[in-house]
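Colleague: everything below, folded, please.
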Amino acid sequence: MTESELENFKNKLLEAMTFPSVYMFKFIVDADNRKIALLESLFGEDAEIHTKESGNGKYISITAKEVVMNVEEIIDVYKKAAEVKGVMFL
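Modeller: Numbers count the residues shown, from 1 in each chain. Predicted coordinates:
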């Protein structure tokens, strides 16, 4: 995501949400244990994390629900997730 896309996303979140709130993050990544672990490590121990393998086993979807205190926490997770090669955001 570019900085302008992040700013636009941030503004939409601020319009749609009140904080603190439960936010649902969704990612798709190659079925690579290292990449899965990197994404799962972005969340606290209280986060509810679910993974699902694609039909052919090539990809894993990761859904994480976590309480966030402000919009910056959401943006920070997405910025860190973007560092994982090949990750897709939903």
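Colleague: if we ignore the residues flanking it in sequence, what's nearest the spatially most central residue of the chain?
Modeller: In the chain, the residue lying closest to the centroid (C-alpha atoms, centre = their mean) is residue 25, at 3.9 Å. Once flanking residues are discounted, residue 25 sits nearest to residue 64: 4.6 Å by C-beta to C-beta, 6 or more residues apart in numbering. Just so you know, the C-beta spots here come from the backbone N, C-alpha and C atoms, and that holds for glycine as well.
Colleague: secondary structure element for the closest residue to residue 40 other than its chain neighbours, which one?
Modeller: Nearest non-adjacent residue to residue 40, counting by C-beta to C-beta, 6+ apart: residue 49, 5.8 Å away. For residue 49, the host element (DSSP states H and E) is strand 48-53.
Colleague: residues in contact with that strand?
Modeller: Contact with strand 48-53 is made by 31, 36, 40, 43, 59-66, as judged by C-beta atoms under 8 Å, 6 or more residues apart in numbering.
Colleague: next one: stretch 13-33
Modeller: Here stretch 13-33 makes contact (C-beta under 8 Å, 6+ apart) with 35-36, 39, 43, 53-54, 57-71, 74, 77-78, 81, 84, 86-90.
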